[in-house]
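K.L.:
Predicted model, plus sequence, below.
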Amino acid sequence: MRMICLRNFPFLDTDSLAPGEAREVLCRDRLGFLLYLSKDGKWTLDEDRVIRLGAREALIWLNERELDQGSFWG
């Protein structure tokens, strides 16, 4: 597996309204692309997600504007 891109961005927690930081990591393996999502750098199973992406989705993620970052969380 190879890391392609890593980015961090601020967010507001919807429950507590506390500021936090989210991390998104795009990796590539022999089957395609994986997007790892984590909040506050914590490695908790309930907050972390791994999403398999196709080539088109990976390109869309890589070319997101700064204001649109975090769109894969929804």
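P.N.:
On my side now, so go ahead. Numbering: from 1, shown residues only.

K.L.:
so what's the backbone phi/psi at Arg7?
P.N.:
The phi and psi torsions at Arg7 (degrees, to the nearest 10) take the values phi -150, psi 150.

K.L.:
what's the answer for the one 10 residues further on, then?
P.N.:
The phi and psi values for Leu17, taken as degrees, to the nearest 10, are phi 60, psi 20.

K.L.:
cool, Arg56 as well?
P.N.:
Dihedral angles for Arg56 - degrees, to the nearest 10 - are phi -60, psi -50.

K.L.:
so how far is Ala55 from the nearest residue in space to Met1 that is not next to it in sequence?
P.N.:
Distances taken as Cβ to Cβ, 6 or more residues apart in numbering put Asp29 closest to Met1, at 4.6 Å, once the chain neighbours are dropped. The C-beta positions use only the backbone N, C-alpha and C, and glycine is treated the same way. Separation of Asp29 from Ala55 (Cβ to Cβ, to the nearest Å): 13 Å.

K.L.:
quick one: the strands in this structure?
P.N.:
Using DSSP state E, the strands of the chain run over 2-12, 19-29, 32-39, 49-53.

K.L.:
quick one: strands adjacent to the first one?
P.N.:
Here the strand partners of strand 2-12, with direction, are listed using DSSP bridges: strand 19-29 (antiparallel).
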